[in-house]
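Engineer: Predicted model and sequence follow; I will ask about them next.
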Amino acid sequence: MKRFHYAQPRSEQEAVSLLATPGKETVALAGGTDLVGLLKRMVVTPDLVVNVGEIRTLQDIDHDAEGNLWIGAAVHLDEFLRDRRSDPYASAKQVIQGISSIQLQAQGTLIGELLRRPNCWYFRDGHGLLAKQGTMVIEGANRYHAILGNRGPAKFVNASRLAPALISLGARLRVIGPEPDQETFLDLADLYRTPTSEGENENVLAPGQLVSHLILPPHGNRISAAYEVRHGEGPDPPLASAAVSLDVRLGRVQEARIVLGQVAPVPWVAAEAAAHFVGKTITEESAEQTGVESVAGAIALSENDYKIQLAQVAVKRAILRAAGLETGGLDGPMPQRPVERQTEPTPLV
Amino acid sequence: MAEVQYSWPENHKTRLLGKRVNRLDGMVKSAGTAKYTYDINLPNQLIVHALGCPHAHCRVLSVDTSAAEKVPGVVLVKHIKAPKAGEDPVEIEADGTLLVAVAAESEAAAAEGVAKLKVEYELLEPFTADDDLEAAEAKDRTRPRGGGISLDEALGEPGDDEDIEEWEEKQIEKLFADADYVVEGDYGIDAITHCCLEPHGTTLHWEGDRLKAHLSTQNVSGTDDGFAGALNLTADDVDVHCDYIGGGFGSKFQPNYWGIAAAEIAKATGRPVKFMLNREQELKVAGNRPSGFVHVKLGADESGVVQIWDSHHWGTSGFNGSTVSVNSVPYVFVPKNYRRKATGIATNNEPSVAWRAPNHPQACALTQTAYDDLAAKMQADSLDIFLRNLENIDSPEKAPLYAEQLRIAADLINWQRHWHPHGKSPRKGSVVEGLGIAIHTWGGAANDSDCRLRIHPDGGVESYCGTQDLGTGTRTVCAMVLAETLGLPVEAVKVNIGSSTFPFSGASGGSTTVGAVSESHRRAAQDALAQIFELVAKKLEVPADQLEAAGGKISVVGYSDKELTWKQACSLIGIKPLEVNSSYKRQQQGRTTNLSSSNVGGCQMAHVAVDTDTGLVKIKRMVAVQNVGLIINRKTAESQVYGALIMSIAGALFEHRINDPKTGVFVNSQMDSYRLPRLGDIGELIVHLHEPESERARGVIGLGEPPVISGCAAISNAVCNATGVRVPTLPFTPKRVLDAMRTAKG
């Protein structure tokens, strides 16, 4: 770990001004479940670490007047899971439950999870996101790498497990900085990009910018679900995942959003497959067909052909799960873990 | 005084032996107050970090340390494997090899110092394809590692004018031609690392010319020699101390070159030094288990008894180019006729070190998978095939024991209910289920051990022994043996272990410790008790052989009124404590005594579910049936087996070293990429310690290694039974399962 300065601002403005300190490489710290490892391995070597966890305005989950749910940058995964207002966002909750580590759930934040750096071992070994313009991955150990969006030099997969679910739910972000009082809103899907040259990040945030809030639109009558193909019950990244959000009326799909995870440098929006799904009834066959269409154009690297099948299966099972049907596989129906609730004290009679 | 006859009490007379006793150190470990080597910090200590070589194969030409030396807080930069200025370049054959160490006032300064080292490398071609025999041959990376032919005497002998090799070849061809079933297959098991939770390392300091080292070691009494030899001292100038160790598994017998470097840095700077490997270095250089891959052809008669085995196996133990021992394949089963051959492959990996049951888990996975494929080919019940082949095993006298164990295990896993021929599982959606078996063997004879036992006139009891507790419960075993013998509660004895200043006890390797400390502590306690009996006999005016120690009293057998409390009895000792030094030496007393012996067998069965759409394998249940002689602490004995099953599941489904095919670098050398099973992955584990009186009568036998041997093979066989497809190489990741099923479909 390189020595760095540490700051713990109390306001958004203060955080922005610290993060935008001229001439300094800065980084925001929330839960630190990813950042601390990167600091220790000196993959990230900032001059200043800014802890945003103590900023009051970032610690809450709140509804606004339009029914949007605002989640601050310091809100932990388990706080969201426990909050009754998260109930309509089934797919997001399923993903957090799947991060089956009490430590990660308690310490990690939603926004931090969205900004997890890629797990690519070449990146984490200090070779950069593109690892010699992609050649290290092409010639190397690429069993966990991208099968979609991988024609350029970037072969890593986006590390966020929550992003596919939240993108399919129509999540937006409030971003502040780098100028004081600067505030920008963007769709979560637009946060991510596929870098084409070394030095470009996997997201569009400029130096000094901070994602302050995640904003979930009202859920309406949509159904949603996520399915992750996980090798083991640990917190390890899934091998492939999918999240769907569907508007189903009178037994037919009116509108569909399908987003795949762990398959491309960005969360992969399967727009065509989703459009094709419209008008269909949800059956095992239609779900399977949509899975196949979702990975259309996938190109396997030398070791990751199997991921194409896993991604198809993930889409199929996410659709079936959203519809409340048996997903098959080893896990059967999604275990509905009882969620702790704040209960009113029972009045004494 | 009559000579003491060392023996164990009969089963019905024991108060502690064979019972479940909580670990004496369970609470301090759980509460985090137990001090592991990693927890030891000495006043004014320096922290050492080292630069690991980033290349799998290279020449280190030069190192510029000037920038590192200028980092504030850096005190000393020391070349380890890298050449000093003016020295010849050094060839490095494994990534992670420690090149240069930086000693500094803080972790951060040491890390920054390492980052500022400028090393000039000349890259050389790496080779890490340990499974690819052809590629290894093409690159001149193969090393012959023995082989041979053994044919049944009934086949006769070559005539005088016949060439022996041609004759043998003909016999083998004929045996295959005569076989009712012939199976040919490829099987493999990847290299794994020891992955100790507490990395290797030491915190040490010099007191004048004496070296005092806290070392994470499984060889407390033996590593002083290791330091002394390298530092030109004698062992009496080195004290090694280790109260607790966070995993060793066979990799922590030496001070290692980084331990020596730590001592040299401490000498040069005159300050205490703490040098623990980081996680990446721990996985890369601190220990790994050789890989093994085999091509087998076997022929069996109509009842499924293998009559001819013909195998060639290869794999790597790192750049020294060895592999799984040729003598261990075929494993447990030894057909009347066999030919075997082994080839080592020199890869750019750190050389292997002993890993729990060296050679056995791999040999089991290379052998008993092929036996199970015979059952698959015959569409026979695997259990029947395993039972029938017990007629040809390496220790024929153990056949009835294995048969009994297989019967017990089959009951526990509900074999009859769940069995179906290979590939004929009922399907539930994409999920199929299957059962698998494997059997194993191990020695486990006691190591040498000395015990000094001191009994104070006030009744206090303390023991000293230079053994170590790897987490297996050795401390508790010592206390139980003493307490049982002296008729005291466990809490009444103070066990001191973990220091090389205590009487010698052997390294904890090869399942030798429980036998060793049981021998030395039982002997010491019986020796001391005999002296106390003499004193009590005089006092009570009865013959000493009429006395017994139980319930905190020394009493005359059959006379309830003639007794002394333990304290009263000890007051007869006089002013100075009674001290005995008792020892067990394998050379002198032999591998089989009244107290301990060796040679156990066990079997394991796995019940798995496989999702054929994703290739995921889930353990539903695993059963381990293990004989172990006389059990000291049933609780920690079972715990050993539970741990071994989990380790087997790790090796069967998750963990393996992944080398980059181009650069050779070990890419998953961090805990976030070196996958291991979690609680939810281990299913239901059933442990049955098989302890018929005939086995108990053999005394104590080691249990560390045997239960970790056959799990991988059993899981492989269960997956094959479920899917009807043999996944060739362990661990069975989803990719490998899907790839195998795709290949099988053609």
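Structural biologist: Done, it's in.

Engineer: the longest helix in the chain is where?
Structural biologist: With no chain named, the answer covers chain A. Criterion DSSP state H: the longest helix present in chain A is helix A:306-322.

Engineer: wrong one, I was asking about chain B
Structural biologist: helix B:513-540.

Engineer: neighbours around B:Glu184, how many?
Structural biologist: A total of 14 residues lie near B:Glu184 under the criterion other C-beta atoms under 10 Å in any protein chain shown. In this view, the C-beta of every residue, glycine as well, is placed from N, C-alpha and C.

Engineer: List the buried residues of whichever helix or strand it is part of.
Structural biologist: Using DSSP states H and E, B:Glu184 maps to strand B:181-189. Neighbour-count burial for strand B:181-189 flags B:181, B:183, B:185, B:187-189 (criterion: 16 or more other C-beta atoms under 10 Å in any protein chain shown).

Engineer: So for it, mean pLDDT?
Structural biologist: In this model, strand B:181-189 carries a mean pLDDT of 98.

Engineer: same check, this time on stretch A:77-88
Structural biologist: pLDDT averaged over stretch A:77-88 gives 97.

Engineer: Surely A:Gly329 and B:Asp611 touch.
Structural biologist: Yes: if you go by C-beta atoms under 8 Å, A:Gly329 and B:Asp611 touch, sitting 4.9 Å apart.

Engineer: Common neighbours of those two, please.
Structural biologist: Listed as contacting both A:Gly329 and B:Asp611 by C-beta atoms under 8 Å, 6 or more residues apart in numbering or on different chains are B:430-431.

Engineer: For burial, what's the neighbour tally of the closest residue to chain B within chain A?
Structural biologist: Here the residue of chain A nearest chain B is A:Glu233; by C-beta to the nearest C-beta that distance is 3.0 Å. A:Glu233: 17 surrounding residues under other C-beta under 10 Å.

Engineer: hmm, back to that, what's the longest helix of chain B packed up against?
Structural biologist: Contact partners of helix B:513-540 among helices and strands, from 3 or more C-beta pairs under 8 Å, 6 or more residues apart in numbering or on different chains; DSSP states H and E: strand B:449-455, strand B:461-465, helix B:474-486, strand B:547-550, strand B:553-556, strand B:559-565, helix B:566-571, strand B:578-584.

Engineer: What confidence value was assigned to residue 202?
Structural biologist: Looking at chain A here, since you left the chain open. 98.

Engineer: you looked at the wrong chain, it should be chain B
Structural biologist: 98.

Engineer: Can you classify it as helix, strand or coil?
Structural biologist: strand (DSSP: H, G, I helix; E, B strand; the rest coil).

Engineer: residues touching it, list them.
Structural biologist: B:Thr202 sits next to B:37, B:213-216, B:255, B:258-259, B:262, B:273-276 when contact means C-beta under 8 Å, 6+ apart.

Engineer: what about it, distance to chain A?
Structural biologist: 21 Å (C-beta to the nearest C-beta, to the nearest Å).

Engineer: Beta-bridge partners for that residue, please?
Structural biologist: Beta-bridge partners recorded for B:Thr202 (DSSP bridges): B:Leu215, B:Phe275.

Engineer: Ok, B:Ile192 next?
Structural biologist: Going by DSSP bridges, B:Ile192 forms beta bridges with B:Arg289.

Engineer: Export the longest helix of chain A to PDB, keeping only CA atoms.
Structural biologist: Only the C-alpha atoms of helix A:306-322 are listed here, as PDB (Å, rounded to 0.1, in the frame of the first residue of the first chain):
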ATOM      1  CA  TYR A 306     -19.000 -22.500 -21.900                       C
ATOM      2  CA  LYS A 307     -20.000 -19.000 -20.800                       C
ATOM      3  CA  ILE A 308     -22.300 -18.600 -23.800                       C
ATOM      4  CA  GLN A 309     -24.400 -21.500 -22.600                       C
ATOM      5  CA  LEU A 310     -24.300 -20.200 -19.000                       C
ATOM      6  CA  ALA A 311     -25.500 -16.800 -20.200                       C
ATOM      7  CA  GLN A 312     -28.400 -18.300 -22.100                       C
ATOM      8  CA  VAL A 313     -29.400 -20.300 -19.100                       C
ATOM      9  CA  ALA A 314     -29.200 -17.300 -16.900                       C
ATOM     10  CA  VAL A 315     -31.600 -15.400 -19.100                       C
ATOM     11  CA  LYS A 316     -34.000 -18.300 -19.400                       C
ATOM     12  CA  ARG A 317     -34.000 -18.800 -15.600                       C
ATOM     13  CA  ALA A 318     -34.300 -15.100 -14.800                       C
ATOM     14  CA  ILE A 319     -37.500 -15.000 -17.000                       C
ATOM     15  CA  LEU A 320     -39.000 -18.100 -15.400                       C
ATOM     16  CA  ARG A 321     -38.200 -16.800 -11.900                       C
ATOM     17  CA  ALA A 322     -39.800 -13.400 -12.700                       C
END
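
Engineer: In the chain, where is pLDDT below threshold?
Structural biologist: No chain in the question, so chain A it is. For chain A, the stretches with pLDDT under 70 are A:332-349.

Engineer: nope, chain B please
Structural biologist: In chain B, residues with pLDDT under 70: B:1.

Engineer: Now it against chain A: closest residue?
Structural biologist: Nearest to chain A in chain B, going by C-beta to the nearest C-beta, is B:Gly680, at a distance of 3.0 Å.

Engineer: Around chain A, which positions in the stretch 601-746 of chain B sit nearby?
Structural biologist: Residues of the stretch 601-746 of chain B found near chain A (C-beta under 8 Å from any C-beta of the partner chain) are B:609, B:611, B:613-616, B:618, B:653-654, B:658-663, B:665, B:667-668, B:670, B:672-673, B:675-681, B:733-735, B:738-739.

Engineer: before we move on, back to that, between the longest helix of chain B and helix B:474-486, how big is the angle?
Structural biologist: If you take axes from the mean of the first three to the mean of the last three C-alpha atoms, to 10 degrees, helix B:513-540 sits at 30 degrees to helix B:474-486.

Engineer: Kindly calculate the angle that helix B:513-540 makes with strand B:449-455.
Structural biologist: For helix B:513-540 against strand B:449-455, the angle by the same axes, to 10 degrees is 30 degrees.

Engineer: what angle do helix B:513-540 and strand B:559-565 make?
Structural biologist: Angle, helix B:513-540 to strand B:559-565, by the same axes, to 10 degrees: 110 degrees.

Engineer: tell me which residues in helix B:513-540 are buried?
Structural biologist: By neighbour count on 16+ other C-beta under 10 Å, the buried set for helix B:513-540 is B:513-533, B:535-537, B:540.

Engineer: ok, now stretch B:235-244?
Structural biologist: Going by neighbour count (16+ other C-beta under 10 Å), the buried part of stretch B:235-244 is B:235, B:237-244.

Engineer: Please render those as JSON lines that adds distance to chain A and secondary structure to the earlier fields.
Structural biologist: Shown next, in JSON lines, are the buried residues of stretch B:235-244 (distance: C-beta to the nearest C-beta, whole Å; DSSP: H, G, I helix; E, B strand; the rest coil):
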{"residue": "B:Ala235", "distance to chain A": "37", "secondary structure": "helix"}
{"residue": "B:Asp237", "distance to chain A": "36", "secondary structure": "helix"}
{"residue": "B:Val238", "distance to chain A": "33", "secondary structure": "strand"}
{"residue": "B:Asp239", "distance to chain A": "33", "secondary structure": "strand"}
{"residue": "B:Val240", "distance to chain A": "30", "secondary structure": "strand"}
{"residue": "B:His241", "distance to chain A": "28", "secondary structure": "strand"}
{"residue": "B:Cys242", "distance to chain A": "26", "secondary structure": "coil"}
{"residue": "B:Asp243", "distance to chain A": "27", "secondary structure": "coil"}
{"residue": "B:Tyr244", "distance to chain A": "23", "secondary structure": "strand"}
